[in-house]
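Requesting a structural model of the entry that follows:
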Amino acid sequence: MIRTIDGQMLKKMIISAANNLSNNRKTVDDLNVFPVPDGDTGTNMSMTILAVKRELEASDDTTCSSVAEIAAHASLRGARGNSGVILSQFLRGLSKGLKDMEVVEIPEIVNAMKQSVDVAYRAVMKPTEGTILTVAREMYEAAATWDTDNADLLDFFKFVVTKGEESLENTPNLLPQLKQAGVVDSGGAGLLTLVKGAYLALQGDEVVLKDEESKAEESAKAVPQEDIKFGYCTEFIIRKNAQKVAWKNLRKRRETIGDSVIVVDDFDIIKVHVHTNNPGIAMEEGLKFGELLDIKIENLREQNRLLQEKEKQEKPLVDYGFVAVAAGDGMTQIFEELGCTEIISGGQTMNPSTEDFLDRIAKTNAKTTYLLPNNKNILLAAEQAKELTDKNVVVLPTKTLVQGISGMLAFDPDATEEENTAGMLAMIEEVKSGSVTFAARDSHVDGFDIKKDDIISFLTRFSALSQ
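Take a look at the predicted model:
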């Protein structure tokens, strides 16, 4: 019987959940028919939760509260597409529910599930039943009925997963588009895949990542100074004393004073690497095991300051800045010629994250920055970036590139912010635009049978996004 979950177990469960979704993202993508069959829900949710996985693997936090907080923070900045943004809200609610808790039992988990559902529902302007929101809510409602006399978490999670499967199977009865296509909701399937991955870890059978996409090496980038928890990269070699050295104890001691801990035992020496705020303590502990050689200490905060200065562009403060999402050299050139100072490469199935917007907002160095997402799946990420920055940001709810271009054409550099916003919205409202793509799977929409790889077209009209 398992009665409690501690921080280490919670971390394992989230990482296992991320791996499970990544391994099954194509299956989730293929379910994506609502509102159109564009096939990217699994990819967006997977990219969002993998950002969480990377942060957790780099952390040595040991309480449920701190692990959940890291997950919420990482998912918020790594969120991609609407489904990714909604997923980040579930994790944000989880963090609120687990605040100040070192370990949790079933009642605390049920409360955290409630917080997750409440936060996610509030984040969506017009919640639609038969989607990921429904699956999450019905799993919570089922969990709330659990008889707490049975405190076994394995039984509890099995019950929640079963109810989640029932909820997912019922989504076509709530959403006509799903019933027409003969599929369940892709976002709900993605969420259930995550929960199943977490449940497997709780059972002691963590999911291993099968096919992580290779990533090109990235050059060092500056981060906010407050994100650097430990300020000194400390490395040295210990020449062992004559007596037998319990080097694993040394690693445990390092883990109490910092992170990024590496302790390698190699015959007569021990190689030590640790990020810490007190290199002296690290070296003093090392001296208990032998002589110190090849000592190297680097100030990580100073290195980051230098990177920030290097990345900082000497731009004068301007009245207006523009950040637009566009794909291809041609569209990029058009938006640049219209005055967009920052272009984010992206679009359908290539959804930039909230952090991408935050990075470009910072670079505009403008009193007012307009965001033009130019795709309906990017609107929530843009709105989330607006909430996370202290700069003055206006999100123009452009759903197509044509709407974005029209909005830029209406801009008047001599007008006030209020006049420009009203004028650009009025211009966008007049726009009707068409797009052509390929269907991601067989489906049935509005009386039409659509086959996988069919060429399909869409007519998009403006619909203002509620503030």
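
how far away is Leu388 from Lys363?
Using CB to CB, to the nearest Å, we find Leu388 at a distance of 15 Å from Lys363. Using the backbone N, CA and C atoms, a C-beta is placed for each residue, glycine as well.

actually Val104, sorry about that
41 Å.

out of the two, which sits in the more crowded spot?
Val104 (24 against 17; other CB atoms under 10 Å).

Surely the more buried one and Leu94 touch.
No. Between Val104 and Leu94 there is no contact under CB atoms under 8 Å: 10.5 Å.

Overlap in contacts, those two.
Overlap of the contact sets of Val104 and Leu94 (by CB atoms under 8 Å, 6 or more residues apart in numbering) consists of Ala112.

Which pLDDT value does the model give Leu50?
Leu50 carries a pLDDT score of 94 in this model.

Just give the nearest non-adjacent residue to it, would you?
Spatial nearest neighbour of Leu50, excluding adjacent residues (CB to CB, 6 or more residues apart in numbering): Ala18 at 5.6 Å.

Now do the one you found against Gln384, distance only.
As judged by CB to CB, Ala18 and Gln384 stand 20 Å apart.

try Ala51
Noted for Ala51: a distance of 14 Å to Gln384, by CB to CB.

what about Ala18 and Gln384, which has more around it?
Remark: of Ala18 and Gln384, Ala18 carries more neighbours, 27 against 24, as counted by other CB under 10 Å.

residues touching the more buried one, list them.
Applying CB under 8 Å, 6+ apart, the residues contacting Ala18 are 46, 49-50, 52-53, 194, 197, 209.

Any chance of the residues you listed in JSON lines with secondary structure as columns?
Converted to JSON lines, these look like this (DSSP: H, G, I helix; E, B strand; the rest coil):
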{"residue": "Ser46", "secondary structure": "helix"}
{"residue": "Ile49", "secondary structure": "helix"}
{"residue": "Leu50", "secondary structure": "helix"}
{"residue": "Val52", "secondary structure": "helix"}
{"residue": "Lys53", "secondary structure": "helix"}
{"residue": "Leu194", "secondary structure": "helix"}
{"residue": "Gly197", "secondary structure": "helix"}
{"residue": "Leu209", "secondary structure": "coil"}
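
Mind checking which of those are buried?
Neighbour counting with 16 or more other CB atoms under 10 Å marks 46, 49-50, 52-53, 194, 197 as buried within the contacts of Ala18.

May I see these arranged in JSON lines, with distance to Gly231 as well?
Below are the buried ones among the contacts of Ala18 laid out as JSON lines (distance: CB to CB, whole Å):
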{"residue": "Ser46", "distance to Gly231": "33"}
{"residue": "Ile49", "distance to Gly231": "29"}
{"residue": "Leu50", "distance to Gly231": "28"}
{"residue": "Val52", "distance to Gly231": "24"}
{"residue": "Lys53", "distance to Gly231": "25"}
{"residue": "Leu194", "distance to Gly231": "35"}
{"residue": "Gly197", "distance to Gly231": "35"}
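
Mark out where each domain of the protein begins and ends.
5-202, 225-306, 316-461 (automatic domain parsing).

Just the strands from the stretch 251-400 of the chain, written as ranges.
258-266, 269-276, 290-299, 318-326, 342-345, 366-372, 393-395 (DSSP state E, counting those that start in this stretch).

among those strands, where is the model least confident on average?
Ranked on mean pLDDT, the bottom entry among these is strand 258-266, at a mean of 60.

What is the longest helix along the chain packed up against?
Counting by DSSP state H, the longest helix found in the chain is helix 153-174. For helix 153-174, the packing partners by 3 or more CB pairs under 8 Å, 6 or more residues apart in numbering; DSSP states H and E come out as helix 106-123, helix 132-143, helix 176-181, helix 186-202.

so where's the stretch 201-350 of the chain uncertain?
Scanning the stretch 201-350 of the chain with the threshold set as pLDDT under 70 gives 211-227, 242-256, 259-269, 271, 273, 307-308, 310-315, 348-349.

please redo it, this time with the cut-off set to 50
In the predicted model of the stretch 201-350 of the chain, residues 213-220, 247, 251 satisfy pLDDT under 50.

now the helices for it?
For the stretch 201-350 of the chain, the helices defined by DSSP state H, counting those that start in this stretch occupy 247-255, 279-287, 300-311, 329-337.

for the stretch 351-467 of the chain, same thing?
In the stretch 351-467 of the chain, the helices defined using DSSP H, counting those that start in this stretch lie at 354-364, 379-388, 401-409, 417-429.

Can you name the residues in contact with the last one?
Yep, that's helix 417-429 we're talking about. Identification of contacts with helix 417-429 by CB under 8 Å, 6+ apart yields 320, 368, 370, 392, 394, 396-398, 403, 406-412, 415, 462, 464.

what's the angle between that helix and strand 318-326?
Here helix 417-429 points in a direction 20 degrees away from that of strand 318-326 (axes from the mean of the first three to the mean of the last three CA atoms, to 10 degrees).

before we move on, what about the third one?
Relative orientation of helix 401-409 versus strand 318-326 (the same axes, to 10 degrees): 170 degrees.

Show me which positions of helix 401-409 end up buried.
Using 16+ other CB under 10 Å as the test for burial, helix 401-409 gives 401-408.

JSON lines for those, including distance to Gly182?
Converted to JSON lines, the buried residues of helix 401-409 look like this (distance: CB to CB, whole Å):
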{"residue": "Leu401", "distance to Gly182": "32"}
{"residue": "Val402", "distance to Gly182": "33"}
{"residue": "Gln403", "distance to Gly182": "33"}
{"residue": "Gly404", "distance to Gly182": "35"}
{"residue": "Ile405", "distance to Gly182": "38"}
{"residue": "Ser406", "distance to Gly182": "38"}
{"residue": "Gly407", "distance to Gly182": "38"}
{"residue": "Met408", "distance to Gly182": "42"}
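
Pro107: neighbour count?
Neighbourhood size, Pro107 [other CB under 10 Å]: 11.

Next, the contact list for it, please.
Shown in contact with Pro107 (CB under 8 Å, 6+ apart): Thr148.

With Asn20 instead?
When contacts are counted by CB under 8 Å, 6+ apart, Asn20 is found next to 193-194, 196-197, 200, 207.

Secondary structure class of Pro127, three-state.
Reduced to three states by three-state DSSP, Pro127 is coil.

I'd guessed Lys363 sits against Glu342; true?
Yes. With contact defined as CB under 8 Å, Lys363 counts as touching Glu342 (5.7 Å).

Need the nearest residue in space to Thr4, chain neighbours excluded.
Nearest residue to Thr4, sequence neighbours excluded (CB to CB, 6+ apart): Val103, at 4.7 Å.
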